[in-house]
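In: build the 3D model from these lines:
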Amino acid sequence: MNSSPALLEVHNVRKAFPKADGSELLVLEDVNLQLSAGQIIGLLGRSGSGKSTLLRLIAGLSAPSAGEVRYLGQRIDGPAPGISMVFQSFALYPWLTVFQNVALGLEAQHVPKAEIRKRSLAAIDLIGLDGFESAYPRELSGGMRQRVGFARALVVQPNILLMDEPFSALDVLTAENMRTDFLDLWSDGRMPIKGVVLVTHNIEEAVLMCDRVMVFGSNPGRILSEIAVTLPQPRNRLEPAFHDIVERLYVAMTARKSAGSTAQPANRLQGLGIGTELPNVSSNLIAGLMEAVAAPPFNGNADLPEIASDLHMDADELFPVAETLQMMRFAELEGGDLRLTPEGLAFANATVDERKRIFARHLLSYIPLAAHVRRVLDERASHVARKSRFLDEIEDFMNDEAAERTLRAIVSWGRYAEAFAYDDEGEKFSLENPGEFEG
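Out: The predicted structure is shown next:
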């Protein structure tokens with residue numbers, strides 16, 4: 001029986017950040033996971049679900065507020081020498097060559113010069129940049145710069161490689177090429193690493209690369225479910241088994257479970273209030289998704305993986321729009337499917353003016369903050385109210401960034417519906433140019 005410790009253990013981790021008013025912003029709560037040798041595990045979730053924060057805790061760049069992270073059985077209290085990270089941004093020093101950027105980590109460890117040269121050249125060759133040692137980052141494409149980032153992480157010969165959305169800044173073809181190259185090197189055992197933690201919001205990427213996928217929920221971030229991917233490598237996106245796992249992940253991500261609850265999206269709608277955080281998605285995206293789902297072959301009922309593929313959208317782009325349709329009662333989101341309501345179908349088939357009237361009716365009926373803004377404007381003799389008046393109210397329910405994003409969504413939707421106007425320079429809402437619509 002093998003009694004050796006796991007590569008990585010995360011026990012009951014909680015992370016909160018202090019706020020200016022003395023309260024705290026809870027980012028992660030009760031997170032538990034384990035990484036064993038030979039595994040790639042994925043952390044899958046929306047932006048803001050705490051995935052990158054967890055990665056920083058694992059790297060020792062930040063400390064948990066409660067719980068602990070252990071590497072090879074030892075508690076992590078600072079940067080661990082056996083853990084390296086590849087970032088979403090290339091994070092290269094522009095005044096250093098490829099060789100110098102790769103060698104930097106070894107120089108910081110005071111490795112002998114001959115060993116630095118040997119290991120740096122080997123890492124550059126491994127990731128496919130042999131011949132570019134003297135090039136500067138400005139001379140490289142995005143994909144080549146990210147390869148330098150991989151070489152810099154691998155040259156220190158880590159046991160664990162942390163990857164924070166390493167392919168998301170690349171174009172589709174370059175990202176696919178880099179995933180394939182990475183998996184080839186991993187499968188052949190040509191890299192020094194023994195385990196990988198990958199942060200992603202791309203569901204197909206998670207199924208393509210990972211052995212286990214942890215699905216994260218938000219506010220605060222926590223693991224909602226874990227799904228094993230047992231398909232042999234290399235994996236084929238066209239196989240039914242691949243599609244089945246993608247579908248399971250879409251269902252898990254749309255379930256919106258909370259701790260100790262199996263509440264579905266419909267139940268969440270009952271709790272909407274002026275303090276509900278809203279996604280800042282444009283009216284064009286809202287209308288466009290309704291049009292796409294209403295049209296053949298979906299005819300009003302779309303499987304999320306299929307509509308995502310058709311529209312070339314990943315989960316982080318699609319889910320906020322789909323959930324906005326649900327909040328405004330234009331669609332129902334359940335079990336990985338998006339089904340338009342009769343009102344959603346009517347909107348998709350309406351004229352421009354009819355769409356505005358339908359949108360305004362739903363905005364003021366189902367989005368409490370929008371109704372609140374309109375009510376305040378109606379009740380004031382001047383029909384004017386400062387942005388700060390509403391911002392102060394909703395900041396009691398969410399952090400400053402989320403409050404600003406929520407109010408921006410209300411501004412965008414209100415303008416489209418002609419429910420109220422907004423002056424960005426004066427930071428004021430008004431009824432200066434409201435449209436006529438049914439209440």
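
In: make it CA atoms for all contacts and neighbour counts henceforth
Out: Noted.

In: list the contacts for L363?
Out: Listed by Cα atoms under 8 Å, 6 or more residues apart in numbering, the contact set of L363 reads M328, A370, A371, W413, G414, A417.

In: now, of those residues, which are buried?
Out: Taking 16 or more other Cα atoms under 10 Å as the criterion, what is buried in the contacts of L363 is M328, A370, A371, W413, G414, A417.

In: so how far is R361 from the last one?
Out: In this view, A417 and R361 are 8 Å apart by Cα to Cα, to the nearest Å.

In: try the fifth one
Out: When distances are taken as Cα to Cα, G414 and R361 turn out to be 11 Å apart.

In: now the strands for the stretch 201-350 of the chain?
Out: With DSSP state E, counting those that start in this stretch as the criterion, the stretch 201-350 of the chain has strands at 212-217, 222-228, 301-303, 331-334, 337-340.

In: name the helix or strand of this structure that has the lowest mean pLDDT.
Out: helix 265-269 (a mean of 41; mean pLDDT, DSSP states H and E).

In: and N284, how far is that from T324?
Out: As for N284, its distance to T324 is 12 Å (criterion: Cα to Cα).

In: what's the answer for D353, then?
Out: Counting by Cα to Cα, the gap from D353 to T324 is 21 Å.

In: which one's more surrounded, these two?
Out: Taking neighbours as other Cα atoms under 10 Å, D353 and T324 compare with T324 leading, 18 against 10.

In: any idea how far the more buried one lies from R389?
Out: 24 Å.

In: do the same with G128
Out: Remark: distance between G128 and R389 (Cα to Cα) = 56 Å.

In: and stretch 344-355, end to end?
Out: 10 Å.

In: ok now it, how far from the chain's centre?
Out: Stretch 344-355 sits 31 Å away from the centroid of its parent chain (Cα atoms, centre = their mean, to the nearest Å).

In: list the buried residues in it.
Out: Using 16+ other Cα under 10 Å as the burial criterion, the residues of stretch 344-355 that qualify are G344, L345, A346, F347, A348, R355.

In: what's next to it, contact-wise?
Out: A287, M290, E291, A294, G300, R329, F330, A331, I358, F359.

In: which among those residues gets closest to G42?
Out: Distance to G42, by Cα to Cα, is smallest for A331 among the contacts of stretch 344-355, at 29.9 Å.

In: ok, the closest one - contacts?
Out: Going by Cα under 8 Å, 6+ apart, the list of residues near A331 reads A322, L325, L338, R339, L340, T341, G344.

In: OK, contacts around the first one?
Out: When contacts are counted by Cα under 8 Å, 6+ apart, A322 is found next to I286, L289, A331, L333, L338.

In: out of these, which two sit at the greatest distance?
Out: Between any two of these (Cα to Cα), the greatest distance is 14.2 Å, for I286 and L333.

In: and what about the residue at the greatest distance from the centre of the chain, helix, strand or coil?
Out: When distances are taken from the C-alpha mean of the chain, A381 lies farthest, 43.4 Å away, according to Cα atoms, centre = their mean. What DSSP: H, G, I helix; E, B strand; the rest coil gives for A381 is coil.

In: relative to A419, how far out is it?
Out: 17 Å.

In: got the domain ranges for the protein?
Out: 8-255, 264-439 (automatic domain parsing).

In: list the residue ranges of this structure that fall below the pLDDT cut-off.
Out: Residue ranges of the chain with pLDDT under 70: 1-5, 90, 256-272, 433-439.

In: coming back round to it: which of the contacts of A322 sits closest to P64?
Out: L333 (34.6 Å).

In: list the contacts of the closest one.
Out: Counted by Cα under 8 Å, 6+ apart, L333 has contacts T254, P265, A322, E323, Q326, R339.

In: outside of the lengthiest helix in the chain, which residues touch it?
Out: The single longest helix within the chain, with elements called by DSSP state H, is helix 400-417. By Cα under 8 Å, 6+ apart, the surrounding residues in contact with helix 400-417 are 277-283, 356-357, 359-360, 363, 369-370, 391, 394-395, 420-422, 435.
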